[in-house]
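1. No letters, just coordinates:
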């Protein structure tokens, strides 16, 4: 069953064969406290960049500079993810028609030199500035600072059990595959890294990934 309505489940139950390691309850409490405190600080620090980017978007493309899209979160629950818009309005409606230009395998869509991207878009994507509004989703409790990136409902519809494990944790702003090559990696490599994170997650691992995110963003490897 697929229901793209916000707050609803894309799948009523995850496959019974999906298993995740048990961790101390205190780790989850620590993760939420870290998410709230760091997201607040980061939103304050990056507010000038978000505002400047929003103004630049409005100057080169008509429409709202903020883009929201239905994504799949923990346990298959749909939520509205916020980003700075890097494509022309309505570009997401052409998602299926752009499949022939796909640069990666699997159910995801990543296109180098995507023709739907507005002039300021490549710069915003290269340095992940477009993802900064995700911090608001972190404050709302829909995302975490670290975790598998939130997929589209259409992507989840084609998941196997191995990929479904991504939905057992809150999606994140950053993750292992984002600091390991981003879109230069295959979909299978994304899933391998997400599953490695699920199997080895700890508060210390989160701090390691957060610390590695800044240099990874500045290098911009696989960013498009």
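-> Perfect, I can see it now. In this text the structure is predicted, and so the values were computed from the model without any measurement.
2. which residues touch the residue nearest the centre of the chain?
-> For the chain, residue 149 is the residue whose C-alpha lies nearest the centre (C-alpha atoms, centre = their mean; 3.4 Å). By C-beta atoms under 8 Å, 6 or more residues apart in numbering, the contact list for residue 149 reads 171, 172, 175, 177, 178. C-beta: built from backbone N, CA, C; applies to glycine.
3. can you rerun that using 6 Å?
-> By C-beta atoms under 6 Å, 6 or more residues apart in numbering, the contact list for residue 149 reads residue 175.
4. Okay, it and residue 120: tell me how far apart.
-> To residue 120, residue 149 is 22 Å away according to C-beta to C-beta, to the nearest Å.
5. Low-confidence regions, the protein specifically.
-> 1-17, 221-224 (pLDDT under 70).
6. any idea how far the residue lying farthest from the centre of it lies from residue 52?
-> Residue farthest from the centre of the chain, counting by C-alpha atoms, centre = their mean, is residue 59 at 26.1 Å. Using C-beta to C-beta, residue 59 is found at 11 Å from residue 52.
7. try residue 26
-> 39 Å.
8. contact partners of stretch 106-125?
-> So stretch 106-125 is contacted by 53, 56-57, 60-61, 84, 86-88, 91, 101-104, 130, 155, 158, 183, 187, 223-224 (C-beta under 6 Å, 6+ apart).
9. Between the two ends of that stretch, how far is it?
-> 21 Å (C-alpha to C-alpha, to the nearest Å).
10. residue ranges of the strands in this protein, please?
-> Under the criterion DSSP state E, the chain contains strands at 66-72, 78-84, 144-146, 172-174.
11. Which other helices and strands does the last one contact?
-> For strand 172-174, the packing partners by 3 or more C-beta pairs under 6 Å, 6 or more residues apart in numbering; DSSP states H and E come out as strand 144-146.
12. Quick check: neighbours of the strand it packs on in the sheet, parallel or antiparallel?
-> strand 172-174 (parallel) (DSSP bridges).
13. and the strand it pairs with, how far out from the chain's middle?
-> Centroid separation between strand 172-174 and its chain, computed with C-alpha atoms, centre = their mean, to the nearest Å, is 6 Å.
14. Next: stretch 107-126.
-> For stretch 107-126, the distance to the chain centre is 15 Å (C-alpha atoms, centre = their mean).
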